[in-house]
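Chemist: Sharing a model that was predicted from the sequence below.
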Amino acid sequence: MVKPATQVKKLEVRDLSIRYGDEIALHSADFDVYENEIFGIIGPANSGKTSFLRAINRMNEMTPGMNVTGMVKFDGIDVKSWRDVYALRSRIGVVFPLPVGLPLSIYDNVALSPRLSGVKSKSELDDIVERCLTRAALFDEVKDRLDSLGSLLSGGQQQRLTIARALSQSPELLLLDEFSIAVDPVTTMRIEDVLKELKKEVTIVLVSNLVAQARRLADRTAFFLGGELVEVGETEELFRGNVQDSRTTDYLEGRFG
């Protein structure tokens, strides 16, 4: 099914190229991400997937040697034109492959961002923490030990805590970089259920090394290979073999990667 012309574009990527010194990570990519969809990105290692995520919220500025040309528009505005990069990042949540728990309590992990943005009311912070932990399918498991260190949680719980922390800043866009790489299958399915619900409120870009996961979650999927955007299509259509490039089928069917 083709997206209607009236669908709102959350991201517009135009002639985007990314280099690390002389090495090309992504070359001249063009595509759009629509509001309230899960947009999957698949491809083997070193295809430019994570580099693309870094370019969205200007993490390239913290990465020595990373050079970005072309344009990524977020809500119609080129991300490079934002004077306050922290204001940009406050609207874009990021979840990395391995859970990065801050050396704080479970409560403070989630409350940190709201506090930094000026929320001081204990009752308001309590509401935010409960809401975000609930949306990350974690609250019922930790509600009696919110003062415990987040680093003492299991790997799957820490990953859900990372999602809750990302949600605490009320992002409009959520970037997930292989979130299930260190999570057991049962927890992975729980997080996937969370993401299906979250897309009603948040646009999600999902980088996954699991093609089956992209099929379960993504409305549309982009296939990156060796720094090239091979194609973008409706996920089910790609998996049914309705592709523009035979390399897409070869990858989806496990003939390389």
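Modeler: Perfect, I can see it now.
Chemist: Just the pLDDT at the closest residue to residue 141 other than its chain neighbours, thanks.
Modeler: Distances taken as CB to CB, 6 or more residues apart in numbering put residue 157 closest to residue 141, at 6.5 Å, once the chain neighbours are dropped. From N, CA and C alone the C-beta is placed, and that goes for glycine too. In the prediction, the pLDDT value recorded for residue 157 is 89.
Chemist: Next, find the distance separating residue 157 from residue 103.
Modeler: In this structure, residue 157 and residue 103 are separated by 16 Å, where distance is defined by CB to CB, to the nearest Å.
Chemist: do you know how far the residue nearest to residue 141 is from residue 67?
Modeler: Relative to residue 67, residue 157 is positioned 38 Å away (criterion: CB to CB).
Chemist: the more surrounded of those two?
Modeler: Legend: neighbour count by other CB atoms under 10 Å for residue 157 and residue 67, higher for residue 157 (21 against 12).
Chemist: so how far is the helix or strand hosting that one from its chain's centroid?
Modeler: Secondary structure assignment for residue 157, by DSSP states H and E: helix 155-167. The chain centroid and the centroid of helix 155-167 are separated by 13 Å under CA atoms, centre = their mean, to the nearest Å.
Chemist: before we move on, what about stretch 147-159?
Modeler: 20 Å.
Chemist: Which secondary structure state is assigned to the residue nearest the centre of the chain?
Modeler: With distances taken as CA atoms, centre = their mean, the chain has residue 175 as the residue nearest its mean C-alpha position (1.6 Å). When the structure is reduced to helix, strand and coil (DSSP: H, G, I helix; E, B strand; the rest coil), residue 175 reads as strand.
Chemist: Quick check: it touching residue 54?
Modeler: No - under the criterion of CB atoms under 8 Å, residue 175 is not in contact with residue 54, lying 9.2 Å apart.
Chemist: Low-confidence ranges, the stretch 101-250 of the chain, go.
Modeler: The stretch 101-250 of the chain contains residues with pLDDT under 70 at 101.
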